[in-house]
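Student: Give me a model of this one.
(chains A, B, C and D, ligands or ions: 6)
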Amino acid sequence: MPHKQVEELDRVAIRFAGDSGDGIQLTGTKFTESTALAGNDLATLPDFPAEIRAPAGTLAGVSGFQIHFAAEDIRTPADRPDVLVAFNPAALRANVEDVRPGGLLVLNADSFSEKNLDKADYAEDPRPALRERFRVVEIPLTRLNREAVKELSLSQRDADRCKNFFALGLMCWLYHRSLEPTLRWIDKRFRGPTREANRRVLLAGHAFGETSELFPVSFVVPRAKIEPGHYRNITGNTALAWGIVAASVQMQRPVLLGAYPITPASDVLHELARHRHFGVKTFQAEDEIAAAAAAVGAGFAGMLGVCTTSGPGFLLKQEVINLAVVAELPVVIVNIQRAGPSTGLPTKTEQADLLAAMYGRSSDSPLPVLAPATPGDCFHVMLEAFQLAVRYMTPVVVLSDSYLANSAEPWRIPAVETLPRHEIVFRTEPEDFAPYARHPDTLARPWAIPGTPGLEHRIGGLEKQDVSGTVSYTPENHERMTWLRHEKVARIARELAPVSVNGTPRGRLLVVGWGGTHGAIVSAVDEARAEGLDVSSVHLRHLNPFPSDLGEVLGRFERILVPELNRGQLARLLRAEFLVPAESLSKVQGQPFKVAEIRAGIEAVLAAEA
Amino acid sequence: MPHKQVEELDRVAIRFAGDSGDGIQLTGTKFTESTALAGNDLATLPDFPAEIRAPAGTLAGVSGFQIHFAAEDIRTPADRPDVLVAFNPAALRANVEDVRPGGLLVLNADSFSEKNLDKADYAEDPRPALRERFRVVEIPLTRLNREAVKELSLSQRDADRCKNFFALGLMCWLYHRSLEPTLRWIDKRFRGPTREANRRVLLAGHAFGETSELFPVSFVVPRAKIEPGHYRNITGNTALAWGIVAASVQMQRPVLLGAYPITPASDVLHELARHRHFGVKTFQAEDEIAAAAAAVGAGFAGMLGVCTTSGPGFLLKQEVINLAVVAELPVVIVNIQRAGPSTGLPTKTEQADLLAAMYGRSSDSPLPVLAPATPGDCFHVMLEAFQLAVRYMTPVVVLSDSYLANSAEPWRIPAVETLPRHEIVFRTEPEDFAPYARHPDTLARPWAIPGTPGLEHRIGGLEKQDVSGTVSYTPENHERMTWLRHEKVARIARELAPVSVNGTPRGRLLVVGWGGTHGAIVSAVDEARAEGLDVSSVHLRHLNPFPSDLGEVLGRFERILVPELNRGQLARLLRAEFLVPAESLSKVQGQPFKVAEIRAGIEAVLAAEA
Amino acid sequence: MEAATTATRKDFASDQEVRWCPGCGDYSVLANVQRVMPEFGVPRENFVFVSGIGCSSRFPYYMNTYGFHTIHGRAPAFATGMKLVRPDLSVWVVTGDGDGLSIGGNHLLHTIRRNVDLQILLFNNRVYGLTKGQYSPTSRVGMKTKSTPQGAVDYPVDPIAFALGASATFVARTVDVDAAHLQETLRRAFAHPGTAFVEILQNCPVYNDNEWVQVEDRKTRVEWALPLEHGKPLVYGPKGARRGIRIDRGIPSVVPLPDGSDPVSAGVAVHDERHESPAYAFALATLHLPEFPVLVGVFRAVERPSYENLVQEQVDRAVAERGPGSLKGLLESGETWTVSE
Amino acid sequence: MEAATTATRKDFASDQEVRWCPGCGDYSVLANVQRVMPEFGVPRENFVFVSGIGCSSRFPYYMNTYGFHTIHGRAPAFATGMKLVRPDLSVWVVTGDGDGLSIGGNHLLHTIRRNVDLQILLFNNRVYGLTKGQYSPTSRVGMKTKSTPQGAVDYPVDPIAFALGASATFVARTVDVDAAHLQETLRRAFAHPGTAFVEILQNCPVYNDNEWVQVEDRKTRVEWALPLEHGKPLVYGPKGARRGIRIDRGIPSVVPLPDGSDPVSAGVAVHDERHESPAYAFALATLHLPEFPVLVGVFRAVERPSYENLVQEQVDRAVAERGPGSLKGLLESGETWTVSE
Ligand SMILES: Cc1ncc(C[n+]2csc(CCOP(=O)(O)OP(=O)(O)O)c2C)c(N)n1
Ligand SMILES: Cc1ncc(C[n+]2csc(CCOP(=O)(O)OP(=O)(O)O)c2C)c(N)n1
Ligand code: SF4
Ligand code: SF4
Ligand SMILES: [Mg+2]
Ligand SMILES: [Mg+2]
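Tutor: Ligands and ions are numbered 1, 2, ... in the order given. Predicted structure coming up:
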C-alpha cells in the first residue's frame, strides 16, 4: 500500500458528537491533550445536554465537544467546525447545520437504523442529501470496535463502551496526533480487560486510518508560534478553583468555601474538595444563603471566605452580601453565570447578572465587581479578588460564566514566585482601637479578629457610627457612612492599570466588552483591522469601579459598540456613567458569540457611519 | 377675666414629643382628626424610635409626631415646627434644634429633674439658654394632670398615663380645635374610671388654656379652600391595604396576602387581617420567600396574589419573582422601602430600592414598577398594579416607603362607582389552547386555571417554547422569549397618560421625582416659580416602563435635577435611557426632603447656569 | 365517582417524553401514581402537581394534570398558596431529599405543622441527582461523592423523624418498585385530610445505586422490610428467622420469635398509627438498618383540622358576624368629614 | 483556669446601654449569662456571640466579647463558618422563636444535625417582639395578635421536639427568671461537645405577658415544673399532690403518687438523658400544659463527634497522606508541556 498523502493546514475545527453515554467529553479532552502536546494553539467548547441522561439516541441526549487548533494563535473554538464526527443520527441532526459547507462528516454507519433515524426525527435517511453538501465518510464503527476486542470476552455493553476510543484513534491518525498521552492515561485509569480493550480499540482506530481506503489524505497542522513556557490545558472552573487555593497560599490564610451545588458552579466545589491538604475547607451548605453566611462568618473569624454559585443561587445571597457591605468584612462571591431568568437554560451560557451584581441589593450597596476574560484568567482574577477583599475590607463579586467555566485553553503555568503575595496584618493593638476607624488611603477599617485580647467589639447590620462602629440612627452619620461605603470602593480605581486599547488610541469605533466574550471580540476586531477597518477594542476586567481613564478613552472614539450576551447591561452602565452613546450588540441564545456575529456588528456600525 | 385675644394664622406646624410610653402618636392622631374637621389642609409625620421601648426618659426612647395645618393647601409636614410640645428633657433635646427660631416650646416643668436631665445627657438645665432663642412656656403637666383625676382614685401610674390628653386639650384650646371627636373616641374606646379620667384630663387641659395666664393669645387657622367632597385622614399603609381590598372587590376575585412581618410593612398585614369578611385571606408565612411563593401560587390557582415587605425581605423574594416573570403569572409585590443597606435604620425612610426592583434578578427579567406619590395615592396605585398584573400576566412591583407608610393626609374618599373595574376572563376554550399563545396587543398569555377541563398544562422556570410553553433549549427561541418578556412590559407604555408637567412645557430646569418626595418637590417648585424662577417638575408614577413621551419632555429643558432619597438611582435610569445629563440631588439620612433643601438645589443649578 | 370509572392510567400521562436515566426509580413511581389517580374520582382538571427542582421534580411534566415546576425547595409554599385560595383542588407536592430537606427543609417543616391538606411525596435517593451526584442531607455518614471525596461527615436527617418532629398528622414510607405497597400508600395519603407526608425510597442507579437494595430486591425484601399494619404486631423476617420489635419505656429493641411463639406475649408492640401522642411513631422512626429492619407503611395517621379549612372558617365567621364586606363602608369607616362648596 | 478566677461578671458587660422593655425576661438571661461566663476559664476574647434579628438577638451588643448581630434567621450559618475555621473559639448563638424557628428553621435543623460545637440559646417568648407583636411558630392555637385578630390557627412547633427530630445531641429547657437553673443549664451546655440546644422560656411583658407564668412564678413553679435529673424518677408537684410520669410503649401518662409511695415501683420512668435512642427524650418533649407539667432541664445529652472536628480530621488526614499542599505541584499536576524558543 503506497504511503498516503499528507497535507498541511493552518487551522482545523473538529466537533465530536454523540449520546451523553458515548464518552464524547472524554474523547474531546484526550484529543485536546494530544493537540496541545503537538504544539498548536487551541480552544475548546463542550456542549452538554440539559437532561442528565435523555433516552439513548434522542436529540435531547446529544452531547458535543468542539476543538479548534491552529498553527497561529486563536482565541475561540471557531464559529463552524470543519469536521463533524457523529456517533448516531441524532448527533448528526443536532450538529450538521453548523458544519462549514463542504466540510467533512465522519459517521457511524452502524447507527443508521430505522429506530435511530426515528429517534432523531428523520423521516428518511439524510445521508444521500448530505452527500451533496459535505464530504461524507461512513465507518462501521460499532462493528470495527467489536472486532477489535472480540478476544477479550467483554460483555457487548462493555465492548461498545470503547467505541469512542476507536474514533479518537482515527482522528489522531488523521491529524498526526500522538497516542502516547492517551495510552498513558488509559494505563493509569483502568485495569484488567477494560484497560486492554481501550488500548486495542485506540490503536485499531489509528490503524484503520492508516489502512482503509476511506482516507486518502492525512493532515498536519504545524506548531504555533506560542510564547515559550510551561503549559497545560485548563478549564475556567479548574482555574478558578486553583485561584482560590493560590490566594490562600499567597496570603498564608486558610480558606473556607461555602457552596451549594448548582450548574455550572458545582465543579469548583468538587475540585476544591480534593485539595484539603492545602488546609482548604469546603462546606456544602443546606442552601446558598447558609453558604454565603458561612463564608462571611469565616471572614469575621479571620480566615478567607468564598462562595461559588450561579444566578438563582446568587440572588439568595444578596441579603448576606448586604450585611458584609455594612459590616465591612472580606468575602468573595463568585457567580458563574448561566442563561435565565429563573431556572432558564441551566447548562447554557449568558452574562446577564452584571446589573444584579451591581444593584441587586437593597439600598445603596456598592462593592467591587470583577470578571475574567478567558478560562486561564479565572485563576488570576481570584487572586486579585481576595486581595481587594482583605485590603479594602469588602465583599467582592466575581462574574464568570458557563462558557468560561467549561471551555479549555492552553494555559501558560505561572511561576509561583511571580504571583502576587499579600501579607495580612490584623489589628492587635488595643490602644485607641476603633472598629470603624479607617486606613487613610484605602478607607478600610481594621480587621480585628476574635482571639485578640482587648479588641472585643460588636458589629452588625444596623447602621454604624462612623469610627466607633456602635449602632447609630443619626441622619448625618447615615449620610456619611453611605458616602464612605461608596468612596471606599471608588478608590480602588486609583490602583487599576490604565485601560489598554487593542488597536489605535482613537478612532471611529471602539468595541467594549467584558468577561467571556474576550476571545470572540479580539478575533473579530483583529480580523476587521486586518481588512483596514478603523476599529479598536477594550476589554474590562473591572466593572466596578471602572478604571479612572475609561471615560477619557471612550471619549476618543466616534462610536462605541458593546457586544454582550444579555440585553445590554454594560452598555447601560457606560451610558449612565459617561453619557456616551454606547450601542448594544446583544445576543441572548445561551451560546457564546461567533466571531462573525461581532464582525457583522462592527461592519454594520461603520457602514451606517460612512 | 377678660376674654383672651385671638390671632389669625395661615399655617402652623406643631410637634408633640415624649417617651414612647407617653402616647405621643395617639395625641398626634387625635389632634389631626380635630384639625381635619376644622377644615384645614394638613400633613403629618410620625417619628418612631428604633427601639421598642428604650428606658423611659432616654433619648433613644423619644417618639415624635408632627402636624402641619393651614388655610391654604400644603403637601408636607413642614420643614421646621413652630411649636414643640415636649413631655420631658430628652424629648426637648432630641427636637428643639428643629424648631423655628422664636418658636414656641411647651414644656412639662415637672419632668426637669436631675435624673431626667441626666438621661437626656444635659449637663445643666437647658431652659435658661433656650429662653434666649424661643418662647418657652412651662406647665406643671404631671401635677395638673394628677389634680384633675384625684377623685378617681386611680393608681398613680394609671393617672400619669392620661397626661397626654391634658396636653391635647390644651393645644385644642390654643388652636380652636373641637374636643368632640376625641371625647366621642374616648367613650367608644374606654370604660369605667379610665374613660372618666381621660375625659376630665382632656377638658382640664382645655380649661387650663382658657384660664391660665400663660397663654394670652389663642389662634385660629381659617378653613382651607379644599376641593369639595367627603374626606378622611389616611396613612399610606392603610390606603395601601384598602387598595388591595378594593382591587379584590373591583375585579371580583378573592385576594391572598402572603406576608412576613417587617417594619414598616407589617401594618398592611395587620390591617388586612381585620377584613376577612371581604374574602381576603392573609397568610403570615415562615419567611418572605414562602410569602411570595404563596402569592404566586394563588395567581397560578386563579386568585389575586400579593405580598408586602421591605428591603431585606424584598431581596429574598427575587428568585420567586423571577419565576413569575418566566411563568408569566400575575402577582403584586409591594416593597415599603426603609433605610439600609442591610438592617440599616429600620424605622427610617429611604427610596433606594429602585434599581433592585429593576435589575435585582438574575438575567434580563423585566417587570412593571410603580410608585405612589402620596399616602392616599397608595390606594390608587394598588388598584392599577393589580390590573396591570392580570391584564399583562406579569409580576408588578410597587415601591412605597416608610414616610408614605406612616404619614397621614386628608384624603378625598373616592366614590366606589368611579373606581376602575376590570372583569377577568379566564381561558376556558380547549380548542387550540396554547399556554404561551399571546394576546395581540398586550402580548399577555392566557390565564388558564386549575379546574378548567381540557386545559391541563405544565409550566415552570425552565425556558419556554414560544406559544406551546413546553420546555425549550433552542437558541433562537430563548432570544425570542427574552425579547417577548421585554416587549410585553414595554407595551404598557402605550396605555400610560402623557407626562404632566407642573409648570411650563419647556424651560431652563426640570425637576424629576418619584415616590414619596412628591410633596416636597411640588412645594419647592411652586415656591420657586412664585419667585419667578424658571423651573418646572414632573413626578413619575411609572418607573418601568416610562411614559412614551418622557424622553421628549426631558428634551425640552436645559437642565434636569433629580431629587432622591438615595445616591441617584432614577438619575442613572434617565441618563442611561435618554442620554440626558440628569443631575442627582441626593439625600440619604433616613429623613424625607425638606422643602428648603430642594429649593436650595434648584437655586444652585439655576445660579450655576446664569 | 364517574371520572373514577371512566378515566384510565393513560389519561394521566402527558405527551412529554419522560426523561430520566434508564433504570431510575422515578419511572416506577410515575407509573404507579398514574395508575392510582383514576381511582380517586377527582376530575383530572382538579389535580395540581407542584414540584421544586431535581430529577424527581420533573415529575409534573409527565402528568397530564395541571402542573407547576417551581424553584428549588419552595414547592410546599407555592402549594400552600394554591390550597389556601382553592381548597377544591387536589394538590400534590413532589420533592427530593435535597429539594425538600436541604434548601427546602423550612417550608416542609411549616407546611407540615400547619397541616395544609397536601400530599407530599419525597423521593429519597440519598443523593443530588440532577446536579450529578453530590451527597444530600439524607446520605449516610462516610458516603463518598463528588463533593465529599473523603466521605460525608454530617449526620443525616431522617425524613420520618423530621416530619414527626414537625408534628405531622400523616407520615408514611414506601418503596419505588414495590407497586402494590406504593399504590396502597398513595391511596391512604389521598384519603388523609391535612398534610400527608410520604417518603419514597428511590433508587438512583447512576449516582447512588442499590442504596435501598435490601427492600428493593424481592428476595431480600421479606427479610428486611417490616410492613406496618394498624393493629398488627411489629413482626418481620422469613419463617425460621422471624423477629419482632419491642418498645420498652420508649426504647425499641429486637426480639427473636421462635416459630410458633406469640409475638404479643413476647412483648412485641402492636402497631397503632392513631396514637394521639407522636412519641410511639417517633420511636419507630429511629429504627434503621442494619440493627433494625426498614419499616414501611403508615407510621402515623391522626386527624387534625387542615389549615386552609381553619382559615376559610375565619372568613366565613367574619362574613357571618359582619356581613359581606362593603367597599364603601370600609372607605367611610371611622372619622370622616364633608367639605362643601 | 486563671481567667476563670480573675474575670468577673462585670468583665462581660459591654458599655452599651441595655435596651429592652422594662420587665423583659431578656434582662435576667443576660445577667445570668454574664454571671456564669467567668467560670468557664475561657479568655474573654475567645468568646463570640452571634445572633439574628429580634429583641433577643440584641443580646451580643451587651456582652463584652466579640459579637456579630447578623441577619434574620441565619445566625447558625454564620456561626458554623466561624467554628469551621476557628475551632478554638467558644461560639454562642442567640436566637428567638421567630428568628430561629420561623425564617431560620432550616439553618437550625442542619446545624443541629451536623452537631457543630455551638451553644444555641433560643429565647422562646412565643411572639415576635421586635416587630411589635405578631404570633410566632411557637404561639398557641387561638392566640390573638395583630396578625391574627381572630386567633392563630396553625399548630405550633415545639422547639425541643424539633431539635430531637433533627437528632440533636444536647437538648435542654430552662426559664429566664430561674437563675440557679438557668446557670446550671448554661454550664451543662458549655461542657457539651457539639451543638448544645437550649430553649429558654422567656416572658415578653409587652406583647405576650405571663405566657409561662406557671413556671415563672415561684409559688406555682413547685406545682408545675418538673426538673429533669439524670437517674432520678420523673416526679413533680408539691407534697400531698405529687405525681409522676410513666411511659408505656412510648406513650407517656401521669400517675398520682400518694405520699410515701415509691415512684419507680409505681411505674414512673427514671430519667436517662444518655439514651442512645432519642425516642425516650422525644416522648418527654411531647408533654405540655395543662395535662402535663413543664419539664425543665436536660432532655438529652449524648456524645457524637462535632462537625468541625470531623472536617479538621479530614484536613489532617489529607496532609498526613499527601503532605502539605504545594502550589507549584498543583499547577503542574497532570498533562503539561513545554514550549521553547
Ligand atoms: C437556588 C438553587 N440552588 C441550586 C440549584 C441546583 N439544584 C437543582 S436540583 C438540586 C438538588 C436535587 O436533589 P434532590 O432534591 O435530591 O433531587 P434528585 O435530583 O435527587 O431527584 C440542586 C442543588 C437550583 N436549581 N436552584
Ligand atoms: C429578612 C427579614 N425579615 C423580617 C425582618 C423583621 N423582623 C425582625 S425581628 C423579627 C421576628 C423576631 O421574633 P423573635 O425571633 O421571636 O425575637 P423576639 O423579638 O421575640 O425576641 C422579624 C420578623 C427582618 N429584620 N429581616
Ligand atoms: S440521576 Fe439518578 S435520580 Fe436522576 S434521573 Fe438519573 S437515575 Fe434518576
Ligand atoms: S417587646 Fe417583649 S421581648 Fe421585646 S424587649 Fe420588649 S418585652 Fe422584651
Ligand atoms: Mg435526591
Ligand atoms: Mg420571640
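Student: Let me see the contact set for whatever residue of chain C ends up closest to ligand 4.
Tutor: Residue of chain C nearest ligand 4, by Cβ to the nearest ligand atom: residue C:110 (22.1 Å). (Each C-beta comes from the backbone N, C-alpha and C, glycine too.) Neighbour list for residue C:110: B:285-286, B:290, C:76, C:166, D:102, D:105, D:137, D:154, D:157 [criterion: Cβ atoms under 8 Å, 6 or more residues apart in numbering or on different chains].
Student: Does stretch A:223-238 reach chain D?
Tutor: Yes - using Cβ under 8 Å from any Cβ of the partner chain, stretch A:223-238 reaches chain D at A:226-233.
Student: pLDDT, neighbour count and distance to ligand 1 added to those, as TSV?
Tutor: What follows is these, written out as TSV (pLDDT from 0 to 100; neighbours: other Cβ atoms under 10 Å in any protein chain shown; distance: Cβ to the nearest ligand atom, whole Å):
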residue	pLDDT	neighbour count	distance to ligand 1
A:226	87	16	38
A:227	90	9	39
A:228	91	11	43
A:229	93	15	38
A:230	94	15	37
A:231	94	21	34
A:232	93	20	30
A:233	92	23	27
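Student: Could you say which helix or strand holds the residue of chain C closest to ligand 4?
Tutor: Counting by DSSP states H and E, the element that carries residue C:110 is helix C:105-114.
Student: how far does that helix sit from the chain's center?
Tutor: 12 Å (Cα atoms, centre = their mean, to the nearest Å).
Student: Mind checking the pLDDT average for that helix?
Tutor: Averaging pLDDT along helix C:105-114 gives 98.
Student: how deep is the nearest residue to residue A:475 once chain neighbours are set aside tucked in, by neighbour count?
Tutor: Sequence neighbours aside, residue B:589 is the residue nearest to residue A:475 in space, at 3.4 Å (criterion: Cβ to Cβ, 6 or more residues apart in numbering or on different chains). Neighbour count for residue B:589, taken as other Cβ atoms under 10 Å in any protein chain shown: 21.
Student: Please state the backbone phi and psi of residue B:589?
Tutor: phi -130, psi 10 (degrees, to the nearest 10).
Student: hmm, who's touching the next helix or strand after the helix holding residue C:110?
Tutor: Using DSSP H and E, the next helix or strand after helix C:105-114 towards the C-terminus is strand C:119-124. Contact with strand C:119-124 is made by C:25-26, C:29, C:33, C:54-56, C:76, C:90-97, C:100-101, C:108, C:111-112, C:138, C:159, C:176, C:186, C:189-190, C:195-202, as judged by Cβ under 8 Å, 6+ apart.
Student: tell me the pLDDT at residue A:53?
Tutor: Residue A:53 carries a pLDDT value of 71.
Student: Give me the subset of the residues of stretch A:223-238 next to chain D lying in strands.
Tutor: A:229-233 (DSSP state E).
Student: Pick out whichever of these sits closest to residue A:145.
Tutor: The closest of those to residue A:145 turns out to be residue A:233 (Cβ to Cβ; 26.8 Å).
Student: and the gap between the residue lying closest to the closest one once chain neighbours are set aside and chain C?
Tutor: Using Cβ to Cβ, 6+ apart and skipping the chain neighbours, the partner closest in space to residue A:233 is residue A:408 (4.8 Å). Using Cβ to the nearest Cβ, to the nearest Å, residue A:408 is found at 19 Å from chain C.
Student: residues near residue A:408, how many?
Tutor: Neighbour number of residue A:408 under other Cβ under 10 Å is 27.
Student: and the gap between it and ligand 3?
Tutor: Noted for residue A:408: a distance of 25 Å to ligand 3, by Cβ to the nearest ligand atom, to the nearest Å.
Student: All set, thanks.
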